[in-house]
Each structure stands twice: as structure tokens, then as C-alpha cells.
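Asker: Output the structure for:
(chains A and B)
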Amino acid sequence: MIQAPRGTFDILPESAARRKVVEEQAEKILSAAGYRRIETPAIEATELFARGVGEGTDIVRKEMYTFDDGGGRSLTLRPEGTAPVCRAYLEHGMHKLAQPVKLWYLSTFFRSEAPQRGRYRQFWQVGAEAIGSPAPETDAELIVLLAELLDGLGVRHDRLRLASLGTPATRAEYREELRRFLRAHEDELAEEVRNRIDLNPLRAFDADDRRTRAVMRDAPKLLDRLDPADAEHFAQVRALLDDAGISYELDPTLVRGLDYYTRTVFEFTSDELGAQSGVGGGGRYDGLIELLDGPATPAVGWAAGVERMLLVARDLAPRAELVDLFVALGQREATRAGFELAREARRAGLQAQLELAGRSLKGQLKHADRIGARFVAIVGNGNGRVSLKDMESGEQRELGPSDVIPAILRGGRL
RNA sequence: GUGGGCGUAGCUCAGCUGGUAGAGCUCCUGGUUGUGGUCCAGGCGGUCGUGGGUUCGAGUCCCAUCGCUCACCCCA
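Answerer: Numbers count the residues shown, from 1 in each chain, chains lettered A, B, ... in the order given. Sure, this is the predicted structure:
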């Protein structure tokens, strides 16, 4: 049997209803702050990610679905949303609009990783980007918006981790300092940490090994190396979050996987998620637009995983679907009258369904009950009249065909 | 890519020490020749993931393979 490809999934109606709640919540919260929806193509030039996300990242090195479009151009299924939005910003000259340009999206992304709980090869993210403002208020506002989205969905985000990466130059210098520090203590470090000194020295901070942890207590911290302007920016972001009553923990080990981050980075995590604890996160990426051949443009953004939110969201009860009318057929010959009655009902704004399975009358009533129909109209009495039954009270009345819909619209008892 | 767990009807699962498949739910029909929610009866539905092997005989044992899942890595 043909199955959905590994790491992908069908969104069945029940789950679609829960996702709709997420979408409505995001729309409400983000549009209230002036963010407008944008959607970009699922495929992009491979170069966009190679440059925008960074050649050295895991995403670009081993997780992209890349193919030749048949004409010698290399295309890639988008593995993330920020670079495409920045591409669109440039392509459509949005730098000429009032800044910052505030955008949000809810889209699918693709990464060829081994799937597990909360991680798929095609997955959904809701994201927001504010392009064109260096103001710390922008960073703080975006963090507040994500917090509100998670709160509104009842997502238990046990922690908000926050840090500042400074400028790329600061970060590069710091990484060298950290490498020197690690090498100086190499014989005290766990093997896995030692092996990654060059590749990813920051991982040393969250090693489980006891001796490694002891060494790391004295390791240099990036937050202590920020230049004055970056430190001031970060202080302002924190002050705004404090005022907003958002609690967070400073986490010098917070490393976000993409190369383009500068200054503020943050991540909401939930311990209920297992290994993939990150629900959503983001940060400032002041260098990205320039990297894509645009003018130097400061920007901030975040993305949150829809599947992960759904895993830990409490307040996600979708409203039950209301069925106003089920049109049952007393005799097969009544099918044309029933068909017309259903159409009329829908034109009148009712949710109306027609018997489509050839069931017995008893079966039709049972089905109408199961789908929660408020009324059942039985067409085909032989006398041209319609029996309208209130499924809650059980009352039933014979009406002329033209009286059925007004009776339902009156809503009340028969 | 590596390791653990699991793969029996649409769904949730039972099948003890091997003897050629069951339950509950769902769905459909019937229980007064046209009327639901409870109840009763019946029906539809499975090459027991797949392929080999052992055996007179395998869902049940062995091997392989595929899939799902959790974890490592990394990330949403």
C-alpha cells in the first residue's frame, strides 16, 4: 500500500479544525499589532538558503531537499521562512515602504531529518518578521506577541530563554576565545565535547558530563563580551520585557542554528515536548538583507512550530460544527425535491446536508442524529408536503415546501 | 547515519507453553408494510507489515527486510 512519505502526515478533518484555531489566534494577535500576512513559494533558488541561512549550518549541509528544475537551475524546498521573506522584501522594493515592514506567515517547510516526536520532514510554522527597524522595542514587541500567541493557545511554555549574540565580529572573537579556553582544559572535558571544539564550541555549555560542567562554570560568557552598543540594546529589550511582566532566563548557551542572527535571540521551550523542547524562537538578523545584496537593513523575527504547539496546547477545543438541516428522503423519487430543498437552505445561510448514501429512513434519522442535525426534513410523503422534525424535542410537523426554511430560520420550537 | 520499542479488521486491542484468527468501537441492515438517541440480532471488514526458514502444521519460534515510533545529532 502506498503510504505518505516518511516524516509527512495527512491533516485529517479533526486535526484541521485544531489547526484552524491556531491560525485564527495568530491572525488575531499579529494583525492587532499591524503585522500583515505574506506567503512565499514553497520552492526557492538554492542559493537563497546557501547564502541566507549559511553554508556551515546543518540545514544547508544535510537537510535540504534540492533538485534541478530541468533547466540547470538548482531549486530547494524551503527549509525555513526568514530568508524567503527577506527575498520578497527586496524583490518587491519594500524598503521604500514605511519601515519597519511587519509580516507574518503560516506555511509548510521541509527538512530531510530523521522524524520523531514534534519533528517532521514537512512541517508547519507560524512566523513573524519586522524588517527595517533597529529599535529594541521591535525585539521586545515580537517576543511579547509570541508569548501572547502561546498563552492564548494554552501552550505551556515553561521557559523563555533569552540572550544576545552581539555582532558577528564579537561572536567570532568570542568563539575563538572560547575555543582557546576549551583547548586549555581539553583533558578535563568529555570526549563528545572535545570532538566538537572546532565545530560547535558553544555546545560545551550544555554537556551533561560532571567534569565538563565544572570547567564550564569558569568559561568566558558571550554576554560579558558584548560591545557597549549591543549591551545597551539588550538592556533595553530586557527592560521592556520586565515592564511587560514577561519572565525569562538569561541563557549564555542559547545557540540558534542559523548563521544570520545578531544581537537578540530567544526561544520558548516546553518540557512536555521530549527531546524537541523548542516550541518557537527567533531573534534579530541585522546582516541578512545585506547578505542577499540588499541595503543594510536591521530586522527581527521568530517562528513557532505548529505541530509542537498542538502537542502542548490546552485551550484548543474547536467549536463543534453546526448542522442546521438534514434532508431525508421518504421515497427515492423525492430525490429532486430534496436536492432543491437543500440548495435553498444553503442559499438562506443554513448548513444543510442531503442523504447521499441510499440509507433506509431509519438509517437516515440515525445518521442525522450522529452528525448533530438540529432539524430533519423528510421529503417524499406522497402528498407533496414535508415533515420537519426537531431532533432535540422530537416534535414533528407537516409543512408546505416553502414553509420549511422559514420555520428553521425562526430557529425555535416548531 | 546509529541504538531501543513496536507492527493482528477503518480505530483500540486480545490471541497462554506452535494446531490454519477474535472482542469492543465505527459503519450498514433488521427488530410494525416510513422516523434518531438506549437495547437486541445479523452483516460488511484481516494474504496476522513483507520475504525466507524450522515444523506434519506458525499470528505464535528463527533470520532478513520494510514501515512506524522514541532517543542520539540538530532543530520548529
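
Asker: Output the helix or strand bottoming out on mean pLDDT in chain A as PDB, nothing but the C-alphas.
Answerer: Taking mean pLDDT, DSSP states H and E as the measure, chain A has helix A:191-195 as its least confident helix or strand, at a mean of 77. In PDB, the C-alpha atoms belonging to helix A:191-195 read as follows (Å, rounded to 0.1, in the frame of the first residue of the first chain):
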ATOM      1  CA  GLU A 191      35.000  13.300  24.600                       C
ATOM      2  CA  GLU A 192      32.000  14.400  22.700                       C
ATOM      3  CA  VAL A 193      32.700  18.000  23.800                       C
ATOM      4  CA  ARG A 194      36.400  17.700  22.800                       C
ATOM      5  CA  ASN A 195      35.400  16.500  19.400                       C
END
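
Asker: Run through who's touching it.
Answerer: A:182, A:186, A:203, A:204, A:207, A:209, A:212 (C-beta atoms under 8 Å, 6 or more residues apart in numbering). Where you see a C-beta, it was placed from the backbone N, CA and C, and this is true even at glycine.

Asker: Show me which pair in these is furthest apart.
Answerer: Between any two of the contacts of helix A:191-195, the greatest separation by C-beta to C-beta is 14.9 Å, found for A:186 and A:203.

Asker: More neighbours: these two, which one.
Answerer: The neighbour comparison of residue A:186 against residue A:203 (other C-beta atoms under 10 Å) goes to residue A:203, with 14 against 11.

Asker: What is the neighbour count of the residue nearest to that one when sequence neighbours are not counted?
Answerer: Nearest residue to residue A:203, sequence neighbours excluded (C-beta to C-beta, 6 or more residues apart in numbering): residue A:196, at 5.6 Å. Neighbourhood size, residue A:196 [other C-beta under 10 Å]: 17.

Asker: I figured residue A:196 was touching residue A:202, is that so?
Answerer: No: with contact defined as C-beta atoms under 8 Å, residue A:196 and residue A:202 do not form a contacting pair (9.2 Å).

Asker: Need the per-residue pLDDT for the residue in the stretch 51-200 of chain A that RNA strand B sits nearest to.
Answerer: Nearest residue of the stretch 51-200 of chain A to RNA strand B: residue A:117, at 2.6 Å (C-beta to the nearest atom of the strand). The model reports residue A:117 with a pLDDT of 86.

Asker: Likewise for residue A:412?
Answerer: Residue A:412 carries a pLDDT value of 56.

Asker: With residue A:210 instead?
Answerer: At residue A:210, pLDDT is 78.

Asker: Pretty sure residue A:289 sits against residue A:90.
Answerer: Yes: assessed by C-beta under 8 Å, residue A:289 is found in contact with residue A:90 at 6.8 Å.
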